[in-house]
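J.: One predicted model, sequence on top.
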Amino acid sequence: MLESLSITYALDLGVALLKHDDLSRFNLEQKDFLDLKNLSTSSQSFKIPSPRSEAESLLAFVLDTSRILLHTNYELVLSKKDLQSFFDLVCKRASGYPLEYIFKKASFYGREFFIDERVLIPRSDTEALCENALKLPFLDFVEVGVGSGIISITLSLESKNAGLGLDISKDALDVARINAKVLNATNLTFIKSNLLDSLNPKKDYTNSLLISNPPYIAKNYPLDIEVLHEPHIALFGGEKGDELVVKLIRQASAFRFGYLAFEIGYDQEDIATKILKECGYKEFSFFTYAGLVRGFIAKA
């Protein structure tokens, strides 16, 4: 593999790989050229909007330094091991593999969370869900589909109320517990459950919030290569996409939850309205993000 490259040269080569550029201008030896071509099995259709920035972030990650120090040490010659690690990550990223999974972290609601392939990557839409949920006067809450724990932990720390996080995936629950411990969210309990199947039927939920970002994407909906690296069980809600949203609203009604806060698909306002009315939730409103409907809050 490549040896004795400076930071500047390595970054230029990394940018070219991220852009799927022709590598012939780098005057590489035949063996090095073939090594990089073998590493780079990426799809030409995946476009990275800021390849220079990402290449610098990846190299800084490998060297455990900052992007600023890369520029002040641009002539530094990198070791063979560091070059190998850098180009491995560059080619992985060029294939559409998410940066958050490479760095094993993501920001959400002003906090940093541990993230890996077992859970969805946090998105700004879900911050809007938390913001709207926190307007409701709930005394405790239950989350369905806890994933990395971003929603439960955020609600717990912001509201100081106790919460129960449910998920069908043991792997996701393990990640949530890691984040809860690191962020000192001590009033949370996590339980494996298919939707509300493990919920205590004897508890009074009239002052409780049920919150969820359930799988709501239709089975055959075309997604970006990057998104398809995320766990499909947390993405796809069924043939139409709204099946789990509908089922969960009906389950919430059966348990007499006083408050609901759901993230839903941009095209699911009508079906959510219909089911909320059928289930006796008379007060509800939808919130938007980036001009699209992204969820609702409801009161019994």
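T.: That came through fine.
J.: Below-threshold pLDDT in the stretch 1-150 of the chain: ranges please.
T.: Residue ranges of the stretch 1-150 of the chain with pLDDT under 70: 1-3, 27-45.
J.: mind listing the strands in it by residue range?
T.: Taking DSSP state E, counting those that start in this stretch to define them, one finds strands in the stretch 1-150 of the chain at 105-108, 111-114, 140-144.
J.: ranges for the strands of the stretch 151-300 of the chain?
T.: Going by DSSP E, counting those that start in this stretch, the stretch 151-300 of the chain shows strands at 163-167, 188-192, 208-212, 217-218, 236-238, 259-263, 283-289, 292-299.
J.: So which of these is nearest H71?
T.: Nearest to H71, of all the strands of the stretch 151-300 of the chain, is strand 283-289, at 35.2 Å by Cβ to Cβ. Any C-beta I mention is one placed from the backbone N, CA and C, and that applies to glycine too.
J.: mind exporting that closest one as CSV, just the C-alpha atoms?
T.: What follows is strand 283-289, C-alpha atoms only, in CSV (Å, rounded to 0.1, in the frame of the first residue of the first chain):
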residue,chain,number,x,y,z
GLU,A,283,-57.2,17.7,20.4
PHE,A,284,-54.3,17.2,18.1
SER,A,285,-52.0,19.3,15.9
PHE,A,286,-49.3,18.6,13.3
PHE,A,287,-45.9,20.1,13.3
THR,A,288,-43.7,20.8,10.4
TYR,A,289,-40.0,20.7,9.6
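J.: now that strand: mean pLDDT?
T.: Mean pLDDT, strand 283-289: 97.
J.: Now that strand: buried residues?
T.: Neighbour-count burial for strand 283-289, with 16 or more other Cβ atoms under 10 Å as criterion, is recorded at F284, F286, F287, Y289.
J.: again, but for stretch 244-260
T.: 244-249, 251-253, 255, 257-260.
J.: Most widely separated two among the residues you listed?
T.: Those two in the buried residues of stretch 244-260 that are separated most widely, counting by Cβ to Cβ, are L244 and G258, at 21.3 Å.
J.: Using TSV, lay out the strands of the stretch 151-300 of the chain together with distance to L17.
T.: TSV is the format used below for those (distance: least, Cβ to Cβ, whole Å):
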stretch	distance to L17
strand 163-167	37
strand 188-192	40
strand 208-212	39
strand 217-218	30
strand 236-238	31
strand 259-263	35
strand 283-289	33
strand 292-299	34
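J.: Which of those sits closest to S24?
T.: Closest among the strands of the stretch 151-300 of the chain, once you apply Cβ to Cβ, is strand 217-218, at 40.7 Å.
J.: in its sheet, what does that closest one sit against?
T.: strand 236-238 (parallel) (DSSP bridges).
J.: neighbouring contacts of stretch 243-254?
T.: 144, 195-196, 210, 212, 214-216, 237-238, 260, 262, 264-265, 268, 271-272, 275-276, 279-281 (Cβ atoms under 8 Å, 6 or more residues apart in numbering).
J.: One more: stretch 180-199?
T.: In contact with stretch 180-199 (Cβ under 8 Å, 6+ apart) are residues 111, 113-114, 142, 144, 146, 149, 152-153, 156-157, 160-170, 173, 176-177, 179, 210, 244, 247-248, 251-252, 255.
J.: Please produce a ChimeraX select command covering the buried subset of the residues you listed.
T.: Selection of buried members from the contacts of stretch 180-199 for ChimeraX, criterion 16+ other Cβ under 10 Å:
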select :111,113,114,142,144,146,149,152,153,156,157,161,163,164,165,166,167,168,169,173,176,177,179,210,244,247,248,251,252,255
